[in-house]
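Novice: The following block contains a protein sequence and its predicted model.
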Amino acid sequence: MEHYHAIHEYFPLIQNTVIMLAVLSIIGYIGAMAVSARKFTSWPVRRLLLWVLGVATAAGAFAGPIGNMSHENFIAHMAGHLLLGMLAPIFLACSKPMTLLLRALPTEYAKKVSRLLNTNYAKMITNPFVASVLNIGGLFLIYQTGLYVWMHVSILLFIIVHLHVFLAGYLFTISLIYVDVTSHRYAYWYRAIALVVALGFHKALSKLIYQSPPAMVPVDEGRSGAMLMYYGGDIVDLILIVILCFHWYKSITPEKAQSRKASMQK
C-alpha cells in the first residue's frame, strides 16, 4: 500500500496520545473503584482485569506491532479493526464501566447520568438494529467508498473513522448483551435476530473486500485482510453468541423450574 505522509508524520503523536489515554482510563477506573468501595461493597477485581484487557486490546490497534503496521499494511489494519471495533468492546462492556460510574458519582450527578441514559435518543441508538446499522453500515462506508483512502490522507478523518469504529462497536455490543446498565431491554429473540443479520452483513462485506479491495491496496494483501475479517470476525462473534445464549438460558431456567414444581403440586 502506498505510504501516506500525513499519517506517517502524525502517527507517533497518535500512538503516544492513545497510550496516555489508556493509562489515564485505567487510573480513573481504579479511582472509581476506591470511591465506590467507600459507599458500597468492594468492586470485583475481575472487572478491573477486564477493563485493563479491553483498554490494552483497543490500544493495540495503534501501538505495538499491529499498530505500527496498521496504516501501511491492510492485513494489520484489519487486525486492528477486529481489536478496536469487536474484541475490545466485549471486554470493556463486561467490566461494567457505567455501573461503576454511577456508584462512584455523587447522587446528584448519578441521577443526571441516569436521566441521560433514559432519554429517547439513548433508547433509539441502543436498539440492536439501529446499533447494527451504525456499526456495519459504517464499515461499508469505509471499505466500499473512497473513505479508506481519504482517511490515510487526512489525519482528522483518520481519527474520526477510528473513533467511530470503536464507539459503534461498543454500542453494538451493549445493545446485544446486558451486562452493564442499559436504558431499555429488548427481548432475547429480538437481539438474536439482530445479531444474525449483522453477522450476515459483516460476512458479505468481507466477501466484497475479497472480490475488490479498497483502492491503493494490493490485491493479495486485500484478500488476506478480507479473509482475516471473515474468519477472525467469526471467532469474536462466537464470544458474543455464547454470552447472549448463556444469559438467555439463565433467564428461562428459573421459569422452567417453577413450572415443573407447579405441575408436580397439582
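Specialist: That came through, no problem.

Novice: make it CA atoms for all contacts and neighbour counts henceforth
Specialist: Will do.

Novice: Now do Arg47 against Ala58, distance only.
Specialist: From Arg47 across to Ala58, the span is 16 Å (Cα to Cα, to the nearest Å).

Novice: quick one, which of those two is more surrounded?
Specialist: Taking other Cα atoms under 10 Å, Arg47 and Ala58 do not tie; Ala58 has more neighbours (26 against 20).

Novice: how far is the strand or helix carrying the more buried one from where the chain is centred?
Specialist: For Ala58, the host element (DSSP states H and E) is helix 45-59. Taking Cα atoms, centre = their mean, to the nearest Å, one finds helix 45-59 lying 13 Å from the centre of the chain it belongs to.

Novice: Buried ones in it, by neighbour count?
Specialist: Neighbour-count burial for helix 45-59 flags Arg47, Leu48, Leu50, Trp51, Val52, Leu53, Gly54, Val55, Ala56, Thr57, Ala58, Ala59 (criterion: 16 or more other Cα atoms under 10 Å).

Novice: wouldn't the first one be in contact with Lys96 here?
Specialist: Read it as Arg47. Yes: here Arg47 reaches Lys96: they are 7.1 Å apart, a contact under Cα atoms under 8 Å.

Novice: what about Thr99, distance to Met216?
Specialist: Counting by Cα to Cα - Thr99 and Met216 are separated by 44 Å.

Novice: ugh, wrong one, I meant Phe129
Specialist: Taking Cα to Cα, one finds Phe129 at 33 Å from Met216.

Novice: Which of these two has more residues huddled nearby?
Specialist: Phe129 (21 against 13).

Novice: Output the longest helix belonging to this structure.
Specialist: What stands out as the longest helix in the chain, according to DSSP state H, is helix 219-265.

Novice: Tell me which other helices or strands it touches.
Specialist: helix 74-82, helix 188-211 (3 or more Cα pairs under 8 Å, 6 or more residues apart in numbering; DSSP states H and E).

Novice: Dump the ones you listed to CSV, plus mean neighbour count, mean pLDDT and distance to Ile159.
Specialist: As requested, the helices and strands packed on helix 219-265 are exported to CSV (neighbours: other Cα atoms under 10 Å; pLDDT from 0 to 100; distance: least, Cα to Cα, whole Å):
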stretch, mean neighbour count, mean pLDDT, distance to Ile159
helix 74-82, 22, 94, 13
helix 188-211, 17, 95, 22
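
Novice: Redo those helices as CSV? Include distance to His152.
Specialist: Putting the helices and strands packed on helix 219-265 into CSV (distance: least, Cα to Cα, whole Å) gives the following:
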stretch, distance to His152
helix 74-82, 11
helix 188-211, 18
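
Novice: Report how many residues lie close to Leu24.
Specialist: Leu24 - counted by other Cα under 10 Å - has 12 other residues nearby.

Novice: and if you look at Val35?
Specialist: Neighbour tally, Val35, other Cα under 10 Å: 19.

Novice: before we move on, which element is it in?
Specialist: Element membership of Val35 [criterion: DSSP H and E] is helix 5-39.

Novice: report the angle between the axes of that helix and helix 45-59?
Specialist: 170 degrees (axes from the mean of the first three to the mean of the last three Cα atoms, to 10 degrees).

Novice: Which positions in helix 5-39 come out as buried?
Specialist: Under 16+ other Cα under 10 Å, the buried positions of helix 5-39 are 7, 11, 14-15, 18-19, 22-23, 26, 29-30, 32-33, 35-36.
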